[in-house]
Each structure stands twice: as structure tokens, then as C-alpha cells.
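J.: pasted the sequence and its predicted model underneath.
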Amino acid sequence: MTIHSSVQIGNVIRNAVAFNVKNWQGGAMNSDSLIQSTRDFFTVLEERKVDYVLVGGIAMLHYVEGRNTQDLDLLMAVSSLDKLPELKITSQEMYFVRANYGALQIDVLLTQNPLFKKVHKEYSQVQKFLDQNIPLATVEGLALLKLYALPSLYRQDNFARVGIYENDIATLLHYYQPDTTALLDEISKYVNETDFEEIKGIMSDIQNRIKRFKNDSR
């Protein structure tokens, strides 16, 4: 399954938001505005030549079916934010910015982080969508970002996101069979020894799950 346009991306986000009961509080939501905001935002990125890479759930949808998301995730230099004064920043950390563009929530992973910069430069490619070219992370890039995030999510006891990220990794490994040794070698450069040992354990568990699935499906 491939998402072919910013309108379809807007539809994915709209549907994810509309069917999340947490968003039903406080009256009706104009979910159609998400489509317009998404289309406008990608147009702005292109017109202003913003150097970004699409990651997260929407990028996953380019490679696998069934992924859902409520926001856009981008890799971007902090300096690129200056080209987007319309963004209303709601929170900002060292490597992360959350902002709104109209009705659209946008999460920016800042390339001040060495791994984010690596994925931005070396694990991305421009894909032709129906109405424009959009740079997005490769299978390997997405896997690296999710592996990198998992130890922190475990420490936060964020069970829901752990499940989503591990399933994303498993799905990418199952369908595309990237070089897992190379992925581990790469991620080892950006995490401490304790987190790396945990990531190796997570990767081993995922690979065993894939083996069981293949054996059971024969």
C-alpha cells in the first residue's frame, strides 16, 4: 500500500483522529480541516524548499498496510523552523518540537541529534507521490529511529507505544528483510552500552517472533 498524495495523507490523519474516542470530548471536531491543513503544509514545505524527511506512521504507510497515525512526523534542522513561522510550537525539548499547523499536529525530530541527522542524510529517499515528491525515511531509517526510541519508552512504562514500535519493526523486518547486523552496528554508535544491550534483546525477540510466524504459516 502506498499513500499517493497529501490529500490521502490528510485522510489518514483525519480518520485516526476521528476514531479516537479521546478526541470526542468537548464537542464536534472539524476533521475535514485536517485534509486542507495537510495539503497546505506540504505545499509550503515545497515552496520554501524546506529540507525535511517524513518519518513516523505516515512514512510507515508507504511500506506496509494498516498503520494509523494522528500526526505528521518530520526530521528537520532547527534552523528550518525559521522558514515556518506559521507553526505554533506547543512544546520543545533538545531534540524534539511539537507544533500545530492549523488543525494538523506536527512532531519534529531535530537533526541536532546525531542519529536523526544520520537518518536525514543517509537513510532517506525522495518518493513520487501523486501530486509531488516527498522525501521519506527508508526501511532501514525507520527501523533505526524506532529501535533508538524503544529503551526510553520502556523506561517510561509506555506500553502502548512500545507495542506499536515493536510491531512496526517486526513488520519491516518481515517484509523487507534489511540487514539486521548492519542495523545493530549502526545503532550502537548512538546509544549507551545498557541501551544497546536492551536493543539487541528486543531485536532477538522480534526475529524469534518472525521465525515462529513463518513456521506456523507453513
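T.: Yep, that arrived. Numbers count the residues shown, from 1 in each chain.
J.: buried residues, whichever helix in the chain runs longest. List them.
T.: Using DSSP state H to define each element, the chain has its longest helix at helix 193-216. Residues Asp195, Phe196, Glu198, Ile199, Ile202, Met203, Ile206 are the ones in helix 193-216 that count as buried (16 or more other Cβ atoms under 10 Å). Using the backbone N, CA and C atoms, a C-beta is placed for each residue, glycine as well.
J.: average pLDDT for that helix?
T.: Mean per-residue pLDDT for helix 193-216: 93.
J.: ok, stretch 72-81 next?
T.: On average, stretch 72-81 scores 95.
J.: alpha carbons only: can I get the longest helix of the chain in PDB?
T.: Below are the C-alpha coordinates for helix 193-216, written out as PDB (Å, rounded to 0.1, in the frame of the first residue of the first chain):
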ATOM      1  CA  GLU A 193      26.000   0.200  26.300                       C
ATOM      2  CA  THR A 194      23.000  -0.500  28.500                       C
ATOM      3  CA  ASP A 195      20.500   0.700  25.900                       C
ATOM      4  CA  PHE A 196      22.400  -1.200  23.200                       C
ATOM      5  CA  GLU A 197      22.100  -4.500  25.100                       C
ATOM      6  CA  GLU A 198      18.400  -3.900  25.500                       C
ATOM      7  CA  ILE A 199      18.000  -3.100  21.800                       C
ATOM      8  CA  LYS A 200      19.900  -6.400  20.900                       C
ATOM      9  CA  GLY A 201      17.400  -8.300  23.200                       C
ATOM     10  CA  ILE A 202      14.400  -6.600  21.500                       C
ATOM     11  CA  MET A 203      15.800  -7.400  18.100                       C
ATOM     12  CA  SER A 204      16.300 -11.000  19.100                       C
ATOM     13  CA  ASP A 205      12.800 -11.300  20.400                       C
ATOM     14  CA  ILE A 206      11.400  -9.800  17.200                       C
ATOM     15  CA  GLN A 207      13.400 -12.100  15.000                       C
ATOM     16  CA  ASN A 208      12.200 -15.100  17.000                       C
ATOM     17  CA  ARG A 209       8.600 -13.900  16.600                       C
ATOM     18  CA  ILE A 210       9.100 -13.700  12.800                       C
ATOM     19  CA  LYS A 211      10.500 -17.200  12.800                       C
ATOM     20  CA  ARG A 212       7.500 -18.600  14.700                       C
ATOM     21  CA  PHE A 213       5.200 -16.800  12.400                       C
ATOM     22  CA  LYS A 214       6.900 -18.300   9.300                       C
ATOM     23  CA  ASN A 215       6.900 -21.700  10.800                       C
ATOM     24  CA  ASP A 216       3.200 -21.500  11.800                       C
END
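J.: which one of the buried residues of helix 193-216 is nearest Gln92?
T.: Checking the buried residues of helix 193-216 against Gln92 by Cβ to Cβ gives Asp195 as the nearest, at 23.6 Å.
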